[in-house]
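S.K.: I'll drop the sequence and a predicted model, then ask my questions.
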Amino acid sequence: MKLSAQEEYGLRCLIRVASTGQDGSVTIPEIGHAEGLSIHYVGKLMRILRQGKFVQSVRGQAGGYTLARRPEDVTVAEVLAWLGGRLFEPGFCDQFSGLKRLCTHSTDCSIRSLWRAVQSAVDVALTGITLRDLLQSESAMTRRMTPPPPRVRQVSR
């Protein structure tokens, strides 16, 4: 499992827009230059983000793209779901690509339980992170994402 390029770069483009602040805007060429992406590809990603109502386009001399919502109101989970979907969709097992019409494990599948648990953990992690959080430095995000060490209980004698 890995993130698609569309998910990774779409999120990076959205962060670039968010970094301009509430009143700022950024153009497709500016995003492309800053992120090292082609103008065509950034245009495609921005169109997808606009359709998802994450950004809005502004026409005119000072035009470009601005955030459609406040950065603290946009979770990474919803952005990635819009850009590419979830790791495990509930209907995944309905689409069997083997030789039989149905998967031989369609009624009792331990792997399906694993994928559900992984998706649940991913959902918890990504729903708790907003676009505003991603505007922080890498070290600040690392501190935020690192769980505290377990507390050692003192045993009284």
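M.R.: Ah, there it is.

S.K.: After the helix ranked longest in the chain, which helix or strand is next?
M.R.: In the chain, taking DSSP state H as the definition, the longest helix is helix 110-127. Note on helix 110-127: by DSSP states H and E, the next helix or strand toward the C-terminus is helix 138-145.

S.K.: Contacts for that following helix next, please.
M.R.: In this structure, residues lying in contact with helix 138-145 by CB atoms under 8 Å, 6 or more residues apart in numbering are Asp133, Leu134, Gln136. Glycine gets a C-beta too; all of them are placed from N, C-alpha and C.

S.K.: can you pick the most crowded of those residues?
M.R.: Leu134 (18 neighbours; other CB atoms under 10 Å).

S.K.: what comes up buried for the helix-or-strand element of the chain with minimal mean pLDDT?
M.R.: The helix or strand of the chain with the lowest confidence, counting by mean pLDDT, DSSP states H and E, is helix 110-127 at a mean of 85. Neighbour counts over helix 110-127 (16 or more other CB atoms under 10 Å) mark Arg112, Trp115, Gln119, Val122, Asp123, Leu126 as buried.

S.K.: Which secondary structure elements does it sit against?
M.R.: helix 76-83 (3 or more CB pairs under 8 Å, 6 or more residues apart in numbering; DSSP states H and E).

S.K.: Now do the helix it packs on and helix 110-127, the angle between them.
M.R.: 120 degrees (axes from the mean of the first three to the mean of the last three CA atoms, to 10 degrees).

S.K.: so how far is helix 76-83 from its chain's centroid?
M.R.: 4 Å (CA atoms, centre = their mean, to the nearest Å).

S.K.: do the same with stretch 111-126
M.R.: Worked out by CA atoms, centre = their mean, stretch 111-126 lies 15 Å from the chain centre.

S.K.: again, but for stretch 32-41
M.R.: That offset, for stretch 32-41, works out to 19 Å (CA atoms, centre = their mean).

S.K.: immediately after the helix or strand containing Gln6, which helix or strand?
M.R.: Per DSSP H and E: Gln6 is located in helix 5-18. Heading C-terminal from helix 5-18, the first helix or strand you meet, by DSSP H and E, is helix 28-35.
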